[in-house]
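Asker: What would the 3D arrangement of this be:
(2 chains)
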Protein chains: 2
Amino acid sequence: MNGAEKLLETLINNGVEICFANPGTSEMQLVSAIGDSDGMRPVLCLFEGVVSGAADGYARMKDKPAATLLHVGSGFSNSMANQHNAKRAHVPLVNIVGDHATYHLQYDSPLTADVPAHAAICSDWVKVSASADDLGDAGAEAIQAAMTGAGKIATLIAPANHAWEETTEAAISLPLPTAEIVSSDTITEVSKALSNGKASALFLGSRALREDSLNSAGRIAEKTGVRIICETFPTRLQRGAGRVAVERLPYFAEQAEEFLKGFEQLIFVGAKPPVAFFAYPGKKSWLIDESCKLITLATVDQDQKSALEAVADQLSTTAIPTTTPPLPEEVRVAATQGPVATGDLTPLAMSQSISTLMPANAIISDEAATCGMTLFPATMNAPAHDWLTLTGGAIGQGLPLSLGASLACPDRKVIALQADGSAMYTVQALWSMARENVDVTVVILNNRSYAILNIELARVGAGKPTAKTLSMLDLSRPDMNWVEISTGMGVPASRATSAEEFHQQFAQAMATKGPHLIEAMVVQQMP
Amino acid sequence: MNGAEKLLETLINNGVEICFANPGTSEMQLVSAIGDSDGMRPVLCLFEGVVSGAADGYARMKDKPAATLLHVGSGFSNSMANQHNAKRAHVPLVNIVGDHATYHLQYDSPLTADVPAHAAICSDWVKVSASADDLGDAGAEAIQAAMTGAGKIATLIAPANHAWEETTEAAISLPLPTAEIVSSDTITEVSKALSNGKASALFLGSRALREDSLNSAGRIAEKTGVRIICETFPTRLQRGAGRVAVERLPYFAEQAEEFLKGFEQLIFVGAKPPVAFFAYPGKKSWLIDESCKLITLATVDQDQKSALEAVADQLSTTAIPTTTPPLPEEVRVAATQGPVATGDLTPLAMSQSISTLMPANAIISDEAATCGMTLFPATMNAPAHDWLTLTGGAIGQGLPLSLGASLACPDRKVIALQADGSAMYTVQALWSMARENVDVTVVILNNRSYAILNIELARVGAGKPTAKTLSMLDLSRPDMNWVEISTGMGVPASRATSAEEFHQQFAQAMATKGPHLIEAMVVQQMP
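Answerer: Residues are numbered from 1 along each chain as shown, chains lettered A, B, ... in the order given. Alright, predicted model coming up:
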C-alpha cells in the first residue's frame, strides 16, 4: 500500500465520502487510488474555485468535510477565494494539495511555489507530510482538525514521493472532537440579562440559525420580547413557513447602523459583533451604539444549540414558539395556473414566482447581489427552505456552492440565485452540474452590470462618473448570452424576458429533475 | 488631488498606458481616476486570472509594464496563477491591489485578508502605501522595481483611505534602471570556452531569444559549431523564416536528458540549467550530465543582447548568420487554393494550414499542451513570428496572454493555440476579446481530455487505470461546445471537424480582422 492508498483509506475510514478534484501530475497516485476505491466519489471540476466552493456547499449541508484534490501552489491559489468564503462560513473542509517530491523542490522547476505559504493564508490547520506513512495518518489528523468547533479549513500538503512510496503501518482512525458546552454560569448570566427589561436582541450566526436552535431562540423571544437578528451573510439559515422568523441585518452600513440603533444589549450566539463591510469616507466602521452591552452566549466554536436550549429552559418559556405562516393555500394554487405578476421581470415578480412554485425543503444558494436584497424578504413565507449566502464576500461562490449542496442532498431541489457578474468567475461549475446530473435550477439574474459597484461608486464619494468610469462596471458590450454559455457546458437553458416567461420556465424547472439554467433578464430598480 | 489621482498621474508620467482591471468597492477612487484620465486605457476583465495573464502578454510584447487593478486578497488570489507564470516569464508587471482602509482592518469584516501575505508569494517587490502622498510616489517605485533586470512583479497595496485622502505634493517621476552589462572578463572567458573544441551549446532564455540576440548566437554557432538550444517554455521566442533556428529542449524528462547527453559545456544566457518539470519515481530531477561544465554568460537580469554581441565580435565571426528558409513559394500559393491535408484533423494537418496561411509577423500564444508538441516543430518554416509559451506551468494562461499581446500589438495577428482543458480556466478572456475587438484567432484544440494527464498517469507508475480513474482526466460527459461558449461571450466562432474545414476557417480568420474562435475537433496520436 503506497502513501496515497493509505491516505485514501484513512479518509474513507474517518467518514469522508466525496472528493472534489482538479488534479495534476503530482496527484496521479491519489487519482489512481480514488479510481481503485469504492468508498470515495470523485467529482471532477474544471477550475479549482469550483472545487473549493463545492466542498463548502457540501459541508454546509452535511456538517462534515468533503475532501478536495488540488495541484501544487497554482491550483491551490485558484481555489483560495472560495477557501476564504468557506473559512468565513466556519465549515469543515479537508484540502489535499499535491506538491513536488520533497527532493525535487530544490531544483525550482517551473511550477515550484511555496505551497505551505499559500495554505497558511486561508487554512486553520496546515501540515506537510513527513513520509508515506505520515501522509496516511495525517488524513485522520486533518479530519480531526476540520471538525473542530463549527468547522475549520484543514490543508494537508502531500509531496508526490510520499504518495508513491510504500507504507509500513495500517491506516488509522482518530476520534472526532465535540463542540465545547457553554458553562452554566454563562447560561445563568445570559438568562438574567434577557430578563432585565432592556432593549435586547439575540444576534445569531453559524449553527444557531438551524431550525432547532431557532426554536429555542423563538421561545426566548416569546418570553422576553427580545428580537432575533442574524448576520447579513449567514452560512445556512433555515427559514420559511413553519420556521421561527429572523431579521437579517442590512448590508449597507448606514442601514445596518440605523437598524442596530437603540439596542441596549446584544447577545451573540455563533456570531461576532457586526461591522461595516467596507469603510467609507466619513462613515463609521463600528455599527453598534457605544452604550450597547455586548454579551456572548456561545462562540462559533461552542455548542450553540444546547446553549440556546438551556437559556430557553432556564427562562421557563413555552415549548412552542411562533413561526412564519405559509403562503395562503389559494396563492399557492393560483400559482399553478399562472404568474401573479405580468410584464417586466422585476426581482419582486421573480420572488413571487419562486415563493409560490418552490417545493418544500429546497436549498437556495444566494449570490444574487443587488437582486437578492429583494428576493430574500419576498420569499419569507415560502415553504421551509435553507438559505445559503456568500459568507466571505469573495464573489464567484454561488454556482459551486449549489453544486456541492446538491451532491450532499440529492433529494432536495437546489435553486441558485446568481448575479451575472459573479457567475462568470466560476462559470465552469455548470459543466460539473451537467456531468453529475445534479438537481440544481440556476437563475442567472442578468442585469448586464456589476450593479453593486454602481451603488458603491456613489457611496465612496468618488465624484461624478464619466462614461469611461462606468464602462469599468458595465457588463454589456458584448452582452453575454447565458443560454449559449450554459448549453455549451452541457446544462439545458432558457431565457425569460418577462414575468410570465419566468413563471412558466421556473415552474417547468421545479417539476423536472436535473440541472437547468434560466437566464432572467431582470429589470431592476436600484435600492 | 486625492491619492488615487496622484497614483494614476504617476503611473502615466512613468510610462504605463494600460490597466487590466477587475475592481471592487475598495478601488472605486482608482476607477474614477482612470475614468477621468486621458492617458490610461482601462480593460475590464471578468476574472482576475484574465487580468494578470493579459498583463503578462502585454509586457512580453512591449517590454514595459501594464498596470493591473485588483480587489483585496481574494481578487489577488484569483490572479495568482498567472502572476506565477508572469514571474517565471521575467516580465515587468505593476499590480495595484486595493485593500480596506487602514483603520478598518482591525474590524475583520468579511472580505478582510492578509493582502501583503498574498502578494509576497508571487511578487518580487511589495509595498503597502503609508499615506495618500506615499501611494502616489509608490507608483513610480513600483515601475522602477518592475523594470529591474528583464522584469519583475511589483505589487503595490493601496488602502482605500489613501486613495480617497488628499495629497499635498506633486506626482513624481523616477529614472528606470538599466540591465547590468556583463563584464569583459566574462565575455573573454566565454569566448575562450566556445573556442576550445568541446561539445557545447548556447542555452538561451528570456531576452536572448529575440531576433537580435539570436543573430549574435547564430554568428557564434557559425564560427564555433556550437548548438543553439532554448528553454522548453520560453517567454517569447522569435522564430520562423529569416530567423536563426533554435532547438527547443523537449518537455518529457527522459527525452530532455537524452537530448542533453554528450554535451561537455553549456553556456547559459538568460536561462538557468534545465531540470525535470516533475519528479517521477526512479527518475532523475537533474537532467544534465554530471561532467558537463556549466558557464553563465548572462543571467536573466543582465543585458543578454550586448553579451552575445560582444562574444560574437570577440570571436570575429561573420556578420550574417544562417537563418531558417521560408516555405517554398509554391507551397504558400498552393495553400491559397486549399488544404494540403484532407480527412481527419490531426495536429500535423493543422500545422500545415497554420504555417501556410499565417501572415508575417504573427504572434502565437501556445497553450496547446500535447497538441503543441506537434505544432511547434511543424511551424518552423512559417513566416517570421513570435512564439509565447506557458512559462510557469500554471494552466489557464493562453487566452489572457493573447488578449494582452494583441492590445500591445494591435497591427499584428495573434493566434492562440489553446487546449480545451486549460482554456476553461480563464474562459472569461473571450468576453474581453470581444469588448476590445482584438485581432485574435483562438484555435481550441478540443480533444475532450486532459490528455497530458493520461500520459503522466502512466509515467508516474500509478498502476493500471480503472474507468473511474480515467473519468477524472476526461473532459467528455458532457462534451463542451466551444462554439456556443464563445458566441455566448461575444466572440464569433465556428467548428472544424476535418482538415479541409479547418483550412477554410483558418484562412477566413487570417483574412478578417477581429476576434474569432475555431473549435478544432482534433484527432490526436499520443506522443
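Asker: can you give me the offset of the longest helix seen in chain A from its chain's centre?
Answerer: As far as residue count goes, and with DSSP state H defining each element, the longest helix of chain A is helix A:72-89. Distance of helix A:72-89 from the chain centroid (CA atoms, centre = their mean, to the nearest Å) equals 13 Å.
Asker: Over to stretch A:145-161?
Answerer: Chain-centre distance of stretch A:145-161: 18 Å, with CA atoms, centre = their mean.
Asker: Look at it and report the distance between its end residues.
Answerer: Counting by CA to CA, to the nearest Å, you get 24 Å between the two ends of stretch A:145-161.
Asker: now stretch A:66-76
Answerer: Taking CA to CA, stretch A:66-76 runs 16 Å from one end to the other.
Asker: So, low pLDDT: which residues of chain A?
Answerer: Per-residue confidence of chain A (counting by pLDDT under 70) places the weak regions at A:525-527.
Asker: Between helix B:72-89 and the longest helix of chain A, find me the angle.
Answerer: Per axes from the mean of the first three to the mean of the last three CA atoms, to 10 degrees, the angle that helix A:72-89 makes with helix B:72-89 is 180 degrees.
Asker: The helix or strand that helix A:72-89 is followed by - contacts with which helices or strands?
Answerer: In the C-terminal direction, the helix or strand that comes right after helix A:72-89 (DSSP states H and E) is strand A:93-99. Judged by 3 or more CB pairs under 8 Å, 6 or more residues apart in numbering or on different chains; DSSP states H and E, strand A:93-99 is in contact with helix A:48-62, strand A:67-71, helix A:72-89, helix A:115-122, helix A:132-146, strand A:153-159, helix A:160-164. Any C-beta I mention is one placed from the backbone N, CA and C, and that applies to glycine too.
Asker: Okay, now the sheet partners of strand A:93-99, with direction.
Answerer: Taking DSSP bridges as the criterion, strand A:93-99 sits next to strand A:67-71 (parallel), strand A:153-159 (parallel) in its sheet.
Asker: okay, those strands, which one's buried deepest?
Answerer: Ranked by mean neighbour count under mean count of other CB atoms under 10 Å in any protein chain shown, the strands paired with strand A:93-99 are led by strand A:67-71, which reaches a mean of 29.
Asker: so how far is it off the chain centroid?
Answerer: Between the centre of strand A:67-71 and the centre of its chain there are 19 Å (CA atoms, centre = their mean).
Asker: Give the closest residue to A:Leu8 in space, chain neighbours not counted.
Answerer: A:Ala33 (4.3 Å; CB to CB, 6 or more residues apart in numbering or on different chains).
Asker: do A:Pro339 as well
Answerer: Residue nearest to A:Pro339 in three dimensions, not counting chain neighbours: A:His503, with 3.4 Å by CB to CB, 6+ apart.
Asker: OK, contacts around that neighbour?
Answerer: A:Ala335, A:Gly338, A:Pro339, A:Ala341, A:Ser353, A:Leu357 (CB atoms under 8 Å, 6 or more residues apart in numbering or on different chains).
Asker: what's the spacing between the fifth one and A:Ile518?
Answerer: What it means is A:Ser353. 10 Å (CB to CB, to the nearest Å).
Asker: how about the strands of the stretch 151-300 of chain A, start to end?
Answerer: Per DSSP state E, counting those that start in this stretch, the stretch 151-300 of chain A has strands spanning A:153-159, A:200-204, A:227-230, A:237-239, A:247-248, A:265-269, A:293-298. These are given in chain order.
Asker: Show me what the third one is in contact with.
Answerer: So the one you mean is strand A:227-230. The list of residues contacting strand A:227-230 from outside it, by CB under 8 Å, 6+ apart, reads A:200-205, A:209, A:214, A:217-218, A:221, A:237, A:244-249, A:271.
Asker: Could you list which of those residues also contact chain B?
Answerer: Among the contacts of strand A:227-230, proximity to chain B is found for none (CB under 8 Å from any CB of the partner chain).
Asker: circling back: so which of the helices and strands packed on strand A:93-99 comes closest to B:Leu327?
Answerer: Relative to B:Leu327, the nearest member of those by CB to CB is helix A:72-89, separated by 37.4 Å.
Asker: Give the closest residue to the residue in the stretch 301-450 of chain A that chain B sits nearest to in space, chain neighbours not counted.
Answerer: Using CB to the nearest CB, A:Ala394 is the residue of the stretch 301-450 of chain A that sits closest to chain B, at 3.4 Å. Sequence neighbours aside, B:Ser74 is the residue nearest to A:Ala394 in space, at 3.4 Å (criterion: CB to CB, 6+ apart).
Asker: again with A:Ser77
Answerer: A:Ser77 sits nearest to B:Met80 (CB to CB, 6+ apart), 3.7 Å away.
Asker: for that neighbour, what are its contacts?
Answerer: If you count contacts by CB under 8 Å, 6+ apart, then B:Met80 has A:Ser74, A:Ser77, A:Asn78, A:Met80, B:Ser52, B:His118, B:Ile121, B:Cys122 around it.
Asker: would you turn these into JSON lines with distance to B:Ala307?
Answerer: Rendered in JSON lines, the data for these read as follows (distance: CB to CB, whole Å):
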{"residue": "A:Ser74", "distance to B:Ala307": "32"}
{"residue": "A:Ser77", "distance to B:Ala307": "35"}
{"residue": "A:Asn78", "distance to B:Ala307": "38"}
{"residue": "A:Met80", "distance to B:Ala307": "40"}
{"residue": "B:Ser52", "distance to B:Ala307": "30"}
{"residue": "B:His118", "distance to B:Ala307": "36"}
{"residue": "B:Ile121", "distance to B:Ala307": "32"}
{"residue": "B:Cys122", "distance to B:Ala307": "28"}
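Asker: Most neighbours among these, which one?
Answerer: Taking other CB atoms under 10 Å in any protein chain shown as the neighbour criterion, B:Ser52 ranks highest of these with 35 neighbours.
Asker: Wait, it touches B:Ala86, no?
Answerer: Yes - assessed by CB atoms under 8 Å, B:Ser52 is found in contact with B:Ala86 at 6.3 Å.
Asker: Identify the contacts common to those two.
Answerer: Overlap between the contact sets of B:Ser52 and B:Ala86, as judged by CB under 8 Å, 6+ apart, is given by B:Leu93.
Asker: which SS class is A:Ile363?
Answerer: Under the three-state scheme (DSSP: H, G, I helix; E, B strand; the rest coil), the conformation of A:Ile363 reads as strand.
Asker: Specify the beta-bridge partners of it.
Answerer: On DSSP bridges, the residues paired with A:Ile363 through beta bridges are A:Asp386, A:Val414.
Asker: got a list of what A:Val97 touches?
Answerer: A:Leu70, A:His71, A:Val72, A:Gly75, A:Phe76, A:Val115, A:Ala119, A:Thr155, A:Leu156, A:Ile157, A:Ala158.
Asker: Ignoring the adjacent residues along the chain, who's closest to A:Asp114?
Answerer: Among residues not flanking A:Asp114 along the chain, B:Ile121 sits closest, at 6.2 Å (CB to CB, 6+ apart).
Asker: wait, what's in contact with the one you found?
Answerer: Neighbouring residues of B:Ile121 by CB under 8 Å, 6+ apart: A:Gly73, A:Ser77, A:Ala113, A:Asp114, A:Ala117, A:His118, B:Met80.
Asker: let's see it at 7 Å
Answerer: By CB atoms under 7 Å, 6 or more residues apart in numbering or on different chains, B:Ile121 lies in contact with A:Asp114, A:Ala117, A:His118, B:Met80.
Asker: What segments of the stretch 401-527 of chain A are helices?
Answerer: Assigned by DSSP state H, counting those that start in this stretch, the stretch 401-527 of chain A shows helices spanning A:420-425, A:429-436, A:451-459, A:467-471, A:482-488, A:499-511.
Asker: So which bits of the stretch 51-200 of chain A are right by chain B?
Answerer: If contacts are counted using CB under 7 Å from any CB of the partner chain, the residues of the stretch 51-200 of chain A sitting beside chain B are A:73-74, A:77-78, A:80-81, A:84, A:88, A:100-101, A:103-104, A:107, A:109-111, A:113-114, A:117-118, A:121, A:160-161, A:164.
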